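> Turn this into a model:
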Amino acid sequence: MDRFLSKSRLILALAGVFFLASSLFAAEEPKPKTGPELYQRFCAACHGEKGRTYQPNIGVKQAGSEVIPSLDTESFRRALTTDEFKDIFDRKKIIETIWNGSEVKGTESTTSMPAFKEKLTPAEIDLILNYLATLSGQRPTRYSAGRLAFLIGILIFLGGAIGAAYMLSRPDFPDSALIPIANLETRQIMEPNACTRCGECVAWCPVYAIDNEPRLTAREKCTRFRQMVKEQQGPLARWLGINPVSKGRVEEFHKFLLECSTCGQCHIVCPAAIDTVDLWENMRRSFVDGGQPVLPAQQTLIASVKAYDNPWQQPRSSRGKWASRAKREKRITAEPKNLAKEKAEVLYFVGCTASYDVNVKEVAINTTRVLNKAGVDFGILGNEERCCGSVLLRMGDYEFERLAGQNIETFNNLGIKTLITSCSGCYKTIKQDYPRVGKLNFEVLHMTEFVMRLIKEGKLKLKKPVNLSVTYHDPCHLGRANQLFDVPREVLKSIPGIEFREIERFGEFSRCCGAGGGLKAGYREVQEEMARTRVKDAIKTGATEFVTACPFCYQALLTGIQGLNAPLNMRDINELIIMSLEDEPGEKPAQPEKVEPEKPA
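As a prediction, the model looks like this:
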């Protein structure tokens, strides 16, 4: 052990001798001679490579003052190149200041400058000043980037600590619920922030006009969704693994999110042009993904679509019976082709409501009669037809993609050129939503578009006068969603004898009947009152016929007419076309019902 210590002492002694010898015999580094070299050696460490100072002793001459607040690079440069400080701070005084330090009479520095008389001669200082005068002017910077970063870090830390303490003290964390936002586009996450809370959506919302609950309006939905997403996706929630959004808040928001017909009126009047329909539908998908079920009555519709391929809990084998029954009753001369077995250029997609609802079967029958009269080569899928999936999509159910994919494959394999439908909901779903799932190899038209094409081509001639006064209701999925406002009106005005009377709210501002978006299933009383309100709009026109181009609207408005015992006949637009066509042999034309006006009480 003693031998080891002796060796250690010897090594340390030799090392000391080595370093001492190195310092004695090392060649002294030559002193710089030019202005730039002297600046780099003695000034750049504090004043920067190009005279950009990062020290806090920066200032300029203050107005009305004879004192230079700080002796910084910029003050020196300006004193050398301008007359701004000539009365108190000339070149001689600058050299004196650098030589002796910042404690010079007539100046006052916030940070003292060390004396350089032991390092530089006055001539060398003069060389530095010559170089300094050539530098471009720099705007004084009060704080360095490092200091600002440190200050911001302190503020973030303190804010995080305070926020964490606040969130940890809240009692609702154990009862929290997560809203997945993965299926929302970046635009949709940002859109609620664009809401200006102007209140236009409140003034125009047809559901709010009935329920008067502010929380169901687009304005409140945007505000509340934005708050919840920020709380559960913010930095503190992510860092601490905490979800401060309570289950009760999520359930309440979801409840009012479902009290909406997704009619799109709020989108039309929104000054920020927020695409509310897509936003509400994707929000619903987010809530379902997060484990929030839709309302019980809506669950029944969804379960029926998955089990029976229709929302009305009817067997698949009954879907095509309307055609055979109409043939037996001599309403049509022949059943349409079954495209599951035969070929045709046009597919008539009937839809669930017109296929199963006995009160709406006239829509399918009259559409078939119009197509037969025009000599169109068309067919249906009969019992092979599936629901378009609109119910699943509007309710946020993820199986929409599966059903849409199956339908797209079926349609594409038929070899058709055109798919037509008389249902506005099916039209919007197939035309707008299906292309997001897969490519379609055919055109999609609403029946009104196809009829107008037939009229213009001369294949459909409306000759027989129909002496009725009519008003028209714009279906939301046909009008606001697809901007088809004029075509149905052109069809009606093509019918001889028709007296067309425009309803109070029409076009983009058409009042929704409430049949879509799952509102009818979830909030039937609200929907029925919305339908009655729309019927009252029709009554004000003085028309006797209330016309629409959608089986869903037909169904809802017919119920409204019956509820009010209104002096109106509910008509599908194809029914009026049939009235104007010459009677086909072997067919019984639809007869308009006579409606007596209500007697005054």
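> Quote the end-to-end distance of stretch 81-93.
15 Å (C-alpha to C-alpha, to the nearest Å).
> tell me, what residue is most central in this protein?
Centroid check for the chain by C-alpha atoms, centre = their mean gives residue 188 as the closest residue, at 2.7 Å.
> That one against residue 279, yeah?
Yes. When contacts are counted by C-beta atoms under 8 Å, residue 188 is listed as touching residue 279 (5.4 Å). Yep, even glycine has a C-beta here, placed from its N, CA and C like the rest.
> ok so, going back, in terms of helices and strands, where is the residue nearest to the centre of the chain?
helix 186-194 (DSSP states H and E).
> in that helix, what counts as buried?
Buried residues in helix 186-194, counting neighbours by 16 or more other C-beta atoms under 10 Å, are found at 188, 189, 191, 192.
> low-scoring pLDDT stretches of the stretch 101-250 of the chain, where are they?
The model of the stretch 101-250 of the chain has pLDDT under 70 over residues 102-114, 136-145, 163-175, 236, 240-241.
> same question, the chain
The chain contains residues with pLDDT under 70 at 1-31, 45-74, 85-89, 102-114, 136-145, 163-175, 236, 240-241, 582-601.
> what's the domain layout of it?
35-134, 173-293, 298-580 (automatic domain parsing).
> Could I get the full set of helices for the stretch 51-200 of the chain?
Ranges of helices within the stretch 51-200 of the chain are 73-81, 91-100, 122-134, 145-168, 186-194, 200-204, based on DSSP state H, counting those that start in this stretch.
> Would you mind putting the CA coordinates of the fifth one into PDB?
What that stands for is helix 186-194. Presented in PDB, the C-alpha positions along helix 186-194 are these (Å, rounded to 0.1, in the frame of the first residue of the first chain):
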ATOM      1  CA  THR A 186     -58.500  18.700 -39.000                       C
ATOM      2  CA  ARG A 187     -60.900  21.200 -40.500                       C
ATOM      3  CA  GLN A 188     -63.700  19.900 -38.400                       C
ATOM      4  CA  ILE A 189     -61.700  20.100 -35.200                       C
ATOM      5  CA  MET A 190     -61.000  23.800 -36.000                       C
ATOM      6  CA  GLU A 191     -64.500  24.700 -37.300                       C
ATOM      7  CA  PRO A 192     -66.100  25.200 -33.800                       C
ATOM      8  CA  ASN A 193     -63.400  27.900 -33.200                       C
ATOM      9  CA  ALA A 194     -64.700  29.800 -36.200                       C
END
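> what's the span of stretch 336-348 from first residue to last?
One end of stretch 336-348 to the other measures 9 Å (C-alpha to C-alpha).
> in it, what counts as buried?
So for stretch 336-348, counting by 16+ other C-beta under 10 Å, buried means 336, 337, 338, 339, 344, 346, 347, 348.
> One more: stretch 562-569?
564, 566, 568, 569.
> Residue 556 touches residue 520, doesn't it?
Yes. With contact defined as C-beta under 8 Å, residue 556 reaches residue 520; the gap is 6.8 Å.
> Look at those two and report which has more neighbours.
residue 556 (29 against 24; other C-beta atoms under 10 Å).
> which other helices and strands contact the helix or strand harbouring that one?
Secondary-structure assignment from DSSP H and E places residue 556 in helix 551-564. With contacts taken as 3 or more C-beta pairs under 8 Å, 6 or more residues apart in numbering; DSSP states H and E, helix 551-564 sits against helix 352-356, helix 424-428, helix 524-541, strand 545-548, strand 569-572.
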